[in-house]
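1. sequence first, predicted coordinates after that:
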Amino acid sequence: MPTCPPPLVHENVAGKLDDDLRDEAKAHLAASPCLQAVAEILIALRVANVPWWTPEQLRARWGADHRMRWFDQRADLRQEITTALTGLVFNTARRKSPAFQAELIDSVIEDSDIGAQHFEGAFDPRDIVVYAPVAEIWRELVACIPWDAELPVHADLVEAILEALLAEKSAVFGAARTPVLSAWDVRSAIGARAWHMRIPLEVRVAVDEARLVREAQRPRDPFHAKDELTIAVPRLLAQSFGLRDLKPVFDAAGTTMGFALTPSRSDVVLAAPPDERDERRERGVREVKRAG
C-alpha cells in the first residue's frame, strides 16, 4: 500500500552541499507514489483555477511563515523564493532566518503589485509534498471541494485527479510506480448503483460486450475492474459522475495514503475551524453555480 511518508528531515545538514540536499529530496519523492500523486494533483489544481482553491485562500491557510518553516533545512530553496518574491540580493537572502524571510515576503506582497498568485507560484508542488504536512493539505482539499455541486463541474480537474490516483507511471519522473488506487478500489468506491445510474448506456454495453469477448477468447482470463476502466476511462468518469458520487473515491485514496480521518493534535491547532471550512465550501458551491 503506497502510504505517504512523513516530511523529509535531512541528517547532518551542516555537512552537506545544496546538491546533496536536492538529491535526497528527489530520492524521497521518487520513492513515494503517494507524494508523486499529491504533487500531480496540486499542479492540476493550479491549472484548473477553481474558486474554492485559490492562491488567496492558500496563502491565508499556509502563509509565508508556515512555508519558510517547511523549508527550514533548505536554505537554497528559501533563498530562491525570497529573492524571487522580494528582489533581495541572492546571498543576502540566504543568510536571513526563515522568520525574517517570511516577514519580508509578507511585507512586499502587501505593499506592492505582487499578489497571492505570484506567492503561490514561487513554491514548487514537488518541493511542497516533500517538506510540508501532506496529510493536512489533503484533508484541507477534501474539506474545500464543493461536493454537492452538480456536474458538469471542473471535469478536467476531476479527470486529472483520477488519473493521478490510478497512474502506474509517474508524471514527475516518467518511471513506473504503484498506483495509489487500483481500478477495483475506484470501481468499488463508486458502487454498483451509482455506476449503473450514471455511466452512459452505450459504455455499459461496450463493457459487457468486452467481457463476453474475453470469456469467449480467453475463458480462463478473468475480466477485471481494470478492464472496465480501460473503456470507462477517467475522462468519462469525470463527465458522468457528480462530485458527491466521487467522494468515496477521495475517502479511499486518503485511507490508502495513510491520512487519518481524525486530525492529529498539530493539525487541529493549524486547521481552520469547521464553520470556516463550511463557509468556504458553500461559497465555492455558490460561485460554481453562478459560473454555470
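-> Nice, thanks for sending it over. Numbers count the residues shown, from 1 in each chain.

2. now Gln36: how far from Thr178?
-> Distance of Gln36 to Thr178, given as C-beta to C-beta, to the nearest Å: 10 Å. Just so you know, the C-beta spots here come from the backbone N, C-alpha and C atoms, and that holds for glycine as well.

3. and Leu243, by the same measure?
-> Applying C-beta to C-beta to Leu243 and Thr178 gives a distance of 26 Å.

4. the two: which is more packed in?
-> More crowded of Leu243 and Thr178, by other C-beta atoms under 10 Å: Leu243, with 20 against 12.

5. leaving out chain neighbours, which residue sits closest to that one?
-> Trp147 (4.9 Å; C-beta to C-beta, 6 or more residues apart in numbering).

6. you'd agree that neighbour is up against Arg244?
-> Yes: between Trp147 and Arg244 there is a contact under C-beta atoms under 8 Å: 5.1 Å.

7. can you map out the helices along the stretch 51-200 of the chain?
-> 55-61, 64-70, 75-86, 90-95, 98-111, 116-121, 125-131, 134-144, 155-166, 183-190, 192-198 (DSSP state H, counting those that start in this stretch).

8. any chance you could list what contacts the helix or strand encompassing Arg204?
-> Remark: Arg204 resides in helix 201-217, with elements defined by DSSP states H and E. Identification of contacts with helix 201-217 by C-beta atoms under 8 Å, 6 or more residues apart in numbering yields 196, 221, 223, 227-228, 231-232, 236.

9. quick one: name whatever helix or strand follows it.
-> Counting by DSSP H and E, the next helix or strand C-terminal to helix 201-217 is helix 225-228.

10. and that following helix, what does it pack against?
-> helix 183-190, helix 201-217 (3 or more C-beta pairs under 8 Å, 6 or more residues apart in numbering; DSSP states H and E).

11. CA atoms only for that helix - export them in PDB, please.
-> What follows is helix 225-228 as a C-alpha-only set of coordinates in PDB (Å, rounded to 0.1, in the frame of the first residue of the first chain):
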ATOM      1  CA  ALA A 225     -12.300  -3.800 -12.900                       C
ATOM      2  CA  LYS A 226      -9.100  -2.700 -14.600                       C
ATOM      3  CA  ASP A 227     -10.500  -3.900 -17.900                       C
ATOM      4  CA  GLU A 228     -13.700  -1.900 -17.300                       C
END
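
12. could we number from 45 for the rest of this?
-> OK, 45 is where the count begins now, so the last one is helix 269-272.

13. ok, and for it, which residues are buried?
-> Residues of helix 269-272 classed as buried: Glu272 (neighbour count, 16 or more other C-beta atoms under 10 Å).

14. just stretch 245-263 next, same as before
-> Quick answer for stretch 245-263 (16+ other C-beta under 10 Å): 247, 251, 255.

15. ok, so of these, who is nearest Glu212?
-> Val251 (20.5 Å; C-beta to C-beta).

16. now render the helices and strands packed on helix 269-272 as CSV, adding distance to Ile153 and mean pLDDT.
-> Listed next are the helices and strands packed on helix 269-272 as CSV, based on distance: least, C-beta to C-beta, whole Å; pLDDT from 0 to 100:
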stretch, distance to Ile153, mean pLDDT
helix 227-234, 40, 96
helix 245-261, 48, 96
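
17. could those go into TSV alongside distance to Pro51?
-> Rendered in TSV, the data for those read as follows (distance: least, C-beta to C-beta, whole Å):
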stretch	distance to Pro51
helix 227-234	26
helix 245-261	41
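
18. so where's the stretch 95-244 of the chain shaky on pLDDT?
-> Where the stretch 95-244 of the chain drops to pLDDT under 70, the residues are 157, 194-197.

19. quick revisit: any of the contacts of helix 245-261 buried? List them.
-> Among the contacts of helix 245-261, those scoring as buried are 267, 272, 275-276, 280 (criterion: 16+ other C-beta under 10 Å).
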